[in-house]
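Participant: can't give you the sequence, but here's the structure:
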């Protein structure tokens, strides 16, 4: 079987958000600013800067506003961050109002209740009721919103996940006015074959929607 692969891909750099968020000790603000600026200079057109989550859960988020204030913005680069709830989006909105905020804010919803409860603190159905508020805040403050979908290929708690689970969430997001979606291989367990099957089906189902993105982890050495 010969795969029909894209001729090129765009890569988002996310060390300062995803790469640092599990570090238990606080990384100095100037270090984060250095890396964001360096990645902008490297040629990435999207750089994830930080997470506006509660510092109790992610210690690195306590200086999110300061990092955005101090980075040197480069024309043509999209500066993105994460926020998992209304309070996080309000923090992002305030930085935007202050003239230092993100161009895009993402939140993560999971394909299974088990992972969603662990990652977001509530089951999928409850989270879905809160998302319209996040969309409203994004629209009112001039930044894009991205629905990241965790555990597309499998859940470390509940097991295998059918493709339809991700498609259901995309459909719900589209109905709410969300225009960008990032399917995620959260635990790095997908095989290249399964990824190809998923994205072939995704493109056939949503030929024009901005959902042809991917987030991989290299847990089993298959990320690249």
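Facilitator: Perfect, thanks for sending it. Keep in mind that what you see is a predicted model, and the values were worked out from it rather than measured. Numbers count the residues shown, from 1 in each chain.
Participant: tell me the contacts of residue 146?
Facilitator: Taking CB atoms under 8 Å, 6 or more residues apart in numbering as the criterion, residue 146 is in contact with 80, 104-107, 178, 180-182. The C-beta positions use only the backbone N, C-alpha and C, and glycine is treated the same way.
Participant: same check, this time on residue 52
Facilitator: For residue 52, the contacting residues are 61, 64, 81-83, 88-89, 91-92, 105, by CB under 8 Å, 6+ apart.
Participant: just the closest of those to residue 29, please.
Facilitator: Comparing the contacts of residue 52 against residue 29 with CB to CB places residue 64 closest, at 9.7 Å.
Participant: filter the contacts of residue 146 down to just the ones in strands.
Facilitator: Counting by DSSP state E, the contacts of residue 146 place 80, 104-107, 180-182 in strands.
Participant: residue 155: which of those is nearest?
Facilitator: For the ones in strands among the contacts of residue 146, the minimum distance to residue 155 (CB to CB) is 17.0 Å, reached by residue 182.
Participant: now for that closest one, how many residues are close by?
Facilitator: By other CB atoms under 10 Å, 19 other residues sit near residue 182.
Participant: okay, and the beta partners of it?
Facilitator: When bridges are assigned using DSSP bridges, the partners listed for residue 182 are residue 148.
Participant: hmm, back to that, now the contacts of residue 52 as a markdown table including pLDDT and neighbour count?
Facilitator: As requested, the contacts of residue 52 are arranged in a markdown table below (pLDDT from 0 to 100; neighbours: other CB atoms under 10 Å):
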| residue | pLDDT | neighbour count |
| --- | --- | --- |
| 61 | 92 | 24 |
| 64 | 97 | 27 |
| 81 | 97 | 28 |
| 82 | 97 | 27 |
| 83 | 96 | 27 |
| 88 | 97 | 22 |
| 89 | 98 | 23 |
| 91 | 97 | 20 |
| 92 | 97 | 28 |
| 105 | 98 | 26 |
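Participant: okay, residue 10 and residue 43: tell me how far apart.
Facilitator: With distances defined as CB to CB, to the nearest Å, the gap from residue 10 to residue 43 amounts to 11 Å.
Participant: can you pick out the residue with more neighbours from these two?
Facilitator: Set side by side, residue 10 and residue 43 give different neighbour counts by other CB under 10 Å, the larger being at residue 43 (11 against 8).
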